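J.: missing the sequence, but the structure's below:
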């Protein structure tokens, strides 16, 4: 399977703990996006990278969230001091330049107890 | 601020019925428009997109959408739905010169009865 992959698929954590998610995009794609989706809502844009550069970060994104794409390939999204409100599906997508077709991964479902 | 509205939360149709799902956005500048679909148990995938040119765009599986700039709308249509079209449909907008991000609507769940 050469699509976008995300790990882990599910994560349960206690409030206050840190969590890290990984996304592996389609290999030739230079853009990588992170979204968050809660029940009954569409994906909410968090941030995106072009190669290793983080070009945009949502103003709604708390300082507890940080994302990296160190070599322009895979990316990690870390949430520090998790809160119950962080419970959601975290989606990663990749594309080949511009705001072209984004290919989504299966998501990581986070539950904060 | 830029926003995307999908008017119907849940639509139930019988097979062979025609479909129209509404999408409106609030942004006066240049936009790129998308419809994504999520079939049960699957990833989000692109149905169709509009960047420029002919405002009537055709996508996969017989879907089409029309961009009406004066109405800030990008409604999705299909003349005859099938049971396999049962899915959640999301409209998305990229404001080219503003936020430089992508905004999705809340989605419309379509159930097609066999």
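T.: Arrived safely. As the structure is a prediction and not an experimental result, all values here were calculated from the model.
J.: Hmm, residue A:40 is touching residue B:108, no?
T.: No: assessed by Cβ atoms under 8 Å, residue A:40 is found out of contact with residue B:108, at 11.4 Å. C-beta coordinates here come from the backbone N, C-alpha and C atoms, glycine included.
J.: Would you mind telling me which of those two has more residues around it?
T.: Neighbours of residue A:40 and residue B:108, each counted by other Cβ atoms under 10 Å in any protein chain shown, are more numerous for residue B:108; the result is 22 against 9.
J.: bridging residues for the more buried one?
T.: residue B:89 (DSSP bridges).
J.: Can you give me the distance of it to residue A:49?
T.: Residue B:108 is 30 Å from residue A:49, where distance means Cβ to Cβ, to the nearest Å.
J.: ok, now residue A:3?
T.: Counting by Cβ to Cβ - residue A:3 and residue A:49 are separated by 18 Å.
J.: Those two: which is more packed in?
T.: Taking other Cβ under 10 Å, residue A:3 and residue A:49 do not tie; residue A:49 has more neighbours (21 against 13).
J.: quick one, phi psi at that one?
T.: phi -120, psi 140 (degrees, to the nearest 10).
J.: quick one: contacts for it?
T.: Contacts for residue A:49 were tallied using Cβ atoms under 8 Å, 6 or more residues apart in numbering or on different chains; they are A:31-33, A:55, A:67, A:69, A:72, A:75.
J.: What's the PyMOL line that selects buried ones from those residues?
T.: Applied in PyMOL, the following selects the buried portion of the contacts of residue A:49 according to 16 or more other Cβ atoms under 10 Å in any protein chain shown:
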select buried, chain A and resi 31+32+33+67+69+75
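J.: Select from the contacts of residue A:49 every entry located in helices.
T.: When these are checked against helices (DSSP state H), there are no matches.
J.: would you turn the contacts of residue A:49 into JSON lines with distance to chain B and pLDDT?
T.: Shown next, in JSON lines, are the contacts of residue A:49 (distance: Cβ to the nearest Cβ, whole Å; pLDDT from 0 to 100):
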{"residue": "A:31", "distance to chain B": "11", "pLDDT": "93"}
{"residue": "A:32", "distance to chain B": "13", "pLDDT": "95"}
{"residue": "A:33", "distance to chain B": "7", "pLDDT": "94"}
{"residue": "A:55", "distance to chain B": "7", "pLDDT": "86"}
{"residue": "A:67", "distance to chain B": "14", "pLDDT": "95"}
{"residue": "A:69", "distance to chain B": "17", "pLDDT": "95"}
{"residue": "A:72", "distance to chain B": "19", "pLDDT": "84"}
{"residue": "A:75", "distance to chain B": "16", "pLDDT": "97"}
